[in-house]
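Novice: Sequence below, structure please.
(chains A and B)
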Amino acid sequence: MRVSFALGLALALSALAAALVALVWTPYDTSTLAIAEKLQPPSATHWLGTDHFGRDIASLLMAGAKTSIAVALVAVGIGMGAGVPLGLFAAATRGSLADEVVMRGNDLVFAFPSLVIAILITAVFGPSATNAIIAIGIFNIPVFARVTRGGALSLWTLDFIRAAEVAGKGRVRISAEHILPNILNLLIVQGTIQFSLGILAEAGLSYVGLGAQPPTPSWGRMLAEAQTMVTIAPHVAIFPGLAIVLTVLGLNLLGDGLRDYLDPRSRRAA
Amino acid sequence: MSLIAVRDLSVSIHRRPILAGVTFDLAEGGIFGLVGESGSGKSMTALALMGLLPEGASVAGRAEFGGRDLLTLSERALAGIRGKEIGMIFQEPMTALNPMKTIGDQVAETLLVHRAASRDGAREAARDKLARVGLPADRFPLSLYPHELSGGQRQRVAIAMAIALRPRLLIADEPTTALDVTTQAQILDLLKGLTRDEGMALMLITHDLAVVAGMARQVAVMKGGHIVEEGATETLFRTRAHDYTRRLFAASDHRPVRRPRTRDGSLLSVEHAVREYLLPRPSAFAPHPRLRAVDGVSLTIRPGESVGLVGESGCGKSTLSRAILGLDPLQQGAIRLDGQAVTAGHTMPRALRARMQVVFQDPYGSFNPRQRVGRLVAEPFHLTGTPRDARDRVASALEEVGLSAADMGKYIHEFSGGQRQRIAIARALIIRPDLIVLDEAVSALDVRVRAQVLDLLAALQESHGLAYLFVSHDLSVVRRVTDRVLVMRKGRIVEEGPTEEVFAGPRDPYTQALLAATPTIPEDWKERTHAARD
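Specialist: Below you'll find the model as predicted:
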């Protein structure tokens, strides 16, 4: 358990570190083309080789991490920002018409294939990283609303909520003071999972040309551009693919590990 | 001749000693009672015999059963013994059965697993066993699912499963603790009858001395992983050689010194209260059936008075207390606190709300685990506005319930069940209410802790002039701490009056049945305590 948690943490942190470093520095400029040096295999000067424009793949991956993480982070933020209050509200008014409306609205969003909606949004508003964020973010809302409502419902039956009601506290106050802190673990774990799904979704949208537009570097677009060259320069496809796989794997391991770590029962045993 | 001979049974889990040198003999066909408080090791003893100890446990000693040592048998050999030669039932009938399988299949499965019968034979045997435990097939077809049965009926199914193969020993771990008194009496009768008719031995694990007194021929008292005293039940109950046994007895019968200062007038009055719930529709367009949980209840509580509200689960006592606390609205009738109307939600003025507080049963669910005690206890200040000396008042409330001001900085998981209940009392006291609703407030506590909490409640009542509404299913406790008692059944008050009068001469048949079903230690067994005291 511990090993996978540490591995997940290391992978996720290295992706994050790459993105942060890319904010101020990359080994090579990702917007300068050097056609003469195109499709070089990994070497001492270009650790991960170069692409068909002669750009340094390591630099592109770092800059791509920036895009992926920014998109996924903001999308999770949108999902949490809207979904958690909705879920808390639904749980506080459980059984009422309002609860029903919120949850059936959720089902409606769930029922749409997310990628199709994302394509629709980008088709209407034009492809860009911002629209990818909005599309992915919208689909995070029902996920967080459900997790929040589920966790909150079981808490609402406990006596300390009764005691707070006897102390005259209203639903909003109880939700903020007693419910939210007790479902934070759930939300953090769900957050890491949605984060990894967000990275996958961003890569997917960019791959089909609906995400970040050139010259903004993106792992998904790197893969798309590399696919015609897979036979002559496989490294151009392998490294962005690896970046996606390892980051998503890392976040999933981190999520699992956090679930165990944050569970008070497992902590008591430790 | 002994069926099981346990010698020097010791268990430790992750090197922490749980049992040490447990030695006893269980006679064939007899009932052996194992009593003790929570954490004394009584359940661990049973699990050790069944080879069901948790991971990380190491066992030493011997437990001879039919010429074999249970402690050294392989998992395979033990699996052949479990269910077949030793059956076991547990406390919680709600989770002991598989909700996805019919009761007939579950009982038959025991037989099939041990290849004791063909498929048809197993169903036939299941029918017999269920009839034997009081679930005849004409009223309780084998095709019923657990959710269609009550708690007592489920416990009967669990017993039918445990005795399906006529085991020589049945281990019952707190088999009636989760049940109502009348159901408890029936289940205990059933268990007694089974040992008599089937020649089966019963190991009855319980915290309740009165249950053991009525059942077991032999009894052992456990404390901290040891057996402190063992012997024939009556002799042990009369002599109480060991100091711990004496203390346990004193606590289970403890009557706090009360000097009630009931004042005239009415603090709380409930008039013709009706509370209905809508049940799910039986079909899409049918109207919702209604369940009248509280059906025209009237009662009054005077200032400084202790009133008991007793009844079995589902009688409406919790619904009534929720309405009294202003958490649920009534459909008809009125509740007044000192003349002012009690209503649900925001409509009730805070100043009025501040005059009532509550202590719940579950010492574990009563507190937000993420807040420190200081903040937990201060919660009711929401009603009055936080005073400037809030911290001092929290500290003095904690001291008043026997804790210290330093406990303010701790989290709730650092406290035991009894301490938590004290903290709950401190929380209720902090804004100096007139009435505290004690909703099964001592039911989850061990007898000695319960005695202390009852003493505390009596002392606080005297010093603060508090009125208590003592909601409980435990008649013997209500008898010792209340001035007046109300007996509730199916949403109605069937009998009320001064506690001693009602208990000494119950008029309503239901009250009579409740009292008759309450297990008691025979009066003449208790005599020695008086002798010892003189």
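Novice: any idea which residue sits dead centre in the chain?
Specialist: Let's take chain A. residue A:195 (1.9 Å; Cα atoms, centre = their mean).
Novice: Oops, wrong one, chain B.
Specialist: Note: chain B centre (Cα atoms, centre = their mean) maps to residue B:177, 4.8 Å.
Novice: Am I right that that one is in a helix?
Specialist: No: judged by DSSP: H, G, I helix; E, B strand; the rest coil, residue B:177 forms no part of a helix; its state is coil.
Novice: pLDDT score for it?
Specialist: The score at residue B:177 is 83. That number is its pLDDT.
Novice: Number of residues surrounding residue A:2?
Specialist: 9 (other Cβ atoms under 10 Å in any protein chain shown). Every residue, glycine included, has its C-beta placed from N, CA and C.
Novice: and what of residue B:118?
Specialist: 11.
Novice: The one 4 residues further on now?
Specialist: When counting by other Cβ under 10 Å, one arrives at 23 neighbours for residue B:122.
Novice: so what's residue 213 up against?
Specialist: No chain specified, so I'll use chain A. Residue A:213 makes contact with A:127-129, according to Cβ atoms under 8 Å, 6 or more residues apart in numbering or on different chains.
Novice: Actually, chain B is the one I wanted.
Specialist: By Cβ under 8 Å, 6+ apart, residue B:213 lies in contact with B:233, B:237, B:519-522, B:525.
Novice: so the residue nearest to the centre of chain A makes contact with residue A:251?
Specialist: Yes: at 5.6 Å, residue A:195 and residue A:251 qualify as touching, with contact defined as Cβ atoms under 8 Å.
Novice: any idea how far residue B:437 is from chain A?
Specialist: Remark: distance between residue B:437 and chain A (Cβ to the nearest Cβ, to the nearest Å) = 9 Å.
Novice: Just list whatever residues bridge to that residue.
Specialist: Beta-bridge partners of residue B:437, counted by DSSP bridges, are residue B:358, residue B:469.
Novice: Tell me, how many residues neighbour it?
Specialist: Neighbours of residue B:437 (other Cβ under 10 Å): 26.
Novice: got the residues of chain A near chain B?
Specialist: A:158-160, A:162-170, A:173, A:177-178, A:181-182, A:264, A:268 (Cβ under 8 Å from any Cβ of the partner chain).
Novice: List buried residues within the residues you listed.
Specialist: Among the residues of chain A next to chain B, those scoring as buried are A:158-160, A:162-169, A:177-178, A:182 (criterion: 16 or more other Cβ atoms under 10 Å in any protein chain shown).
Novice: Take the residues you listed and lay them out in CSV including pLDDT.
Specialist: Below are those laid out as CSV (pLDDT from 0 to 100):
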residue, pLDDT
A:158, 88
A:159, 88
A:160, 91
A:162, 88
A:163, 90
A:164, 91
A:165, 89
A:166, 88
A:167, 87
A:168, 86
A:169, 88
A:177, 90
A:178, 92
A:182, 90
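Novice: Which members of these define the maximum pairwise distance?
Specialist: Farthest apart among these by Cβ to Cβ are A:168 and A:182. That separation is 20.4 Å.
Novice: which is the next helix or strand following the top helix by length along chain A?
Specialist: The residue-count maximum for a helix in chain A (DSSP state H) belongs to helix A:57-92. Using DSSP states H and E, the helix or strand that follows helix A:57-92 in sequence is helix A:97-111.
Novice: which parts of that next one are buried?
Specialist: A:99, A:102-103, A:106, A:109.
Novice: Quick one: residues contacting residue B:110.
Specialist: Contact analysis of residue B:110 by Cβ under 8 Å, 6+ apart lists B:83, B:161, B:164-165.
Novice: Could you check how many residues crowd around the closest residue to it other than its chain neighbours?
Specialist: Leaving aside its chain neighbours, residue B:110 sits nearest to residue B:164 (4.3 Å; criterion: Cβ to Cβ, 6 or more residues apart in numbering or on different chains). By other Cβ under 10 Å, 28 other residues sit near residue B:164.
Novice: In the stretch 51-200 of chain B, what residue comes closest to chain A?
Specialist: As assessed by Cβ to the nearest Cβ, chain A sits closest to residue B:56 within the stretch 51-200 of chain B, at 9.9 Å.
Novice: burial count for the residue nearest to the residue nearest to the centre of chain B when sequence neighbours are not counted?
Specialist: In space, and not counting its chain neighbours, residue B:177 is closest to residue B:91: 5.2 Å by Cβ to Cβ, 6+ apart. If you count neighbours by other Cβ under 10 Å, residue B:91 ends up with 19.
Novice: Is residue B:91 in a helix, a strand, or coil?
Specialist: Under three-state DSSP, residue B:91 comes out as coil.
Novice: wouldn't it be in contact with residue B:172 here?
Specialist: No: using Cβ under 8 Å, residue B:91 is not in contact with residue B:172, being 9.2 Å away.
Novice: What is the burial count for the closest residue to residue A:121 other than its chain neighbours?
Specialist: Here the nearest residue to residue A:121 in space, its sequence neighbours aside, is residue A:135; by Cβ to Cβ, 6+ apart that works out to 4.6 Å. Neighbourhood size, residue A:135 [other Cβ under 10 Å]: 25.
Novice: average model confidence for the strand or helix carrying residue A:135?
Specialist: Under the criterion of DSSP H and E, residue A:135 resides in helix A:129-156. For helix A:129-156, the mean per-residue pLDDT is 90.
Novice: cool, stretch A:50-65 as well?
Specialist: Mean predicted lDDT for stretch A:50-65 stands at 85.
Novice: what's the answer for stretch B:131-146, then?
Specialist: Mean pLDDT, computed over stretch B:131-146, is 89.
Novice: Show the end-to-end separation of that stretch, please.
Specialist: 16 Å (Cα to Cα, to the nearest Å).
Novice: can you pull the buried residues of it?
Specialist: B:132-135, B:140, B:142, B:144, B:146.
Novice: same deal with stretch B:62-73?
Specialist: Neighbour-count burial for stretch B:62-73, counted by 16+ other Cβ under 10 Å, picks out B:63-65, B:70-71, B:73.
Novice: In these, find the pair that's most separated.
Specialist: B:64 and B:73 (11.2 Å).
Novice: Where does the prediction get shaky in the stretch 1-150 of chain A?
Specialist: Applying pLDDT under 70 to the stretch 1-150 of chain A picks out residues A:1.
Novice: how many neighbours does the closest residue to chain B within it have?
Specialist: Nearest to chain B in the stretch 1-150 of chain A, going by Cβ to the nearest Cβ, is residue A:95, at a distance of 10.1 Å. The local packing of residue A:95 (other Cβ under 10 Å) involves 8 other residues.
Novice: Equivalent analysis for residue A:123, please.
Specialist: 11.
Novice: ok, now which ones touch it?
Specialist: Contacts of residue A:123 by Cβ under 8 Å, 6+ apart are residue A:210.
Novice: Burial check on whatever residue of the stretch 1-150 of chain B ends up closest to chain A, number of neighbours?
Specialist: Going by Cβ to the nearest Cβ, chain A is nearest to residue B:14 of the stretch 1-150 of chain B, at 9.2 Å. Counted with other Cβ under 10 Å, the neighbours of residue B:14 add up to 11.
Novice: Same check on the one 5 residues further on?
Specialist: With neighbours defined by other Cβ under 10 Å, the count for residue B:19 comes to 27.
Novice: where's it, which helix or strand?
Specialist: Assigned by DSSP H and E, residue B:19 falls within strand B:16-27.
Novice: quick one: the following helix or strand past that strand to strand B:16-27, angle?
Specialist: Next helix or strand after strand B:16-27 toward the C-terminus (DSSP H and E): strand B:31-36. With axes from the mean of the first three to the mean of the last three Cα atoms, to 10 degrees applied, the angle from strand B:31-36 to strand B:16-27 works out at 160 degrees.
Novice: got a list of contacts for the helix or strand just after strand B:31-36?
Specialist: Later in the chain than strand B:31-36, the nearest helix or strand by DSSP H and E is helix B:42-50. Helix B:42-50 is contacted from outside by B:4, B:6, B:9, B:11, B:18-19, B:22, B:34-36, B:53-54, B:59, B:63, B:65, B:70-71, B:78, B:82, B:86, B:88, B:171, B:173-174, B:203, B:205, B:222, B:225, using Cβ under 8 Å, 6+ apart.
Novice: Cheers, nothing more for now.
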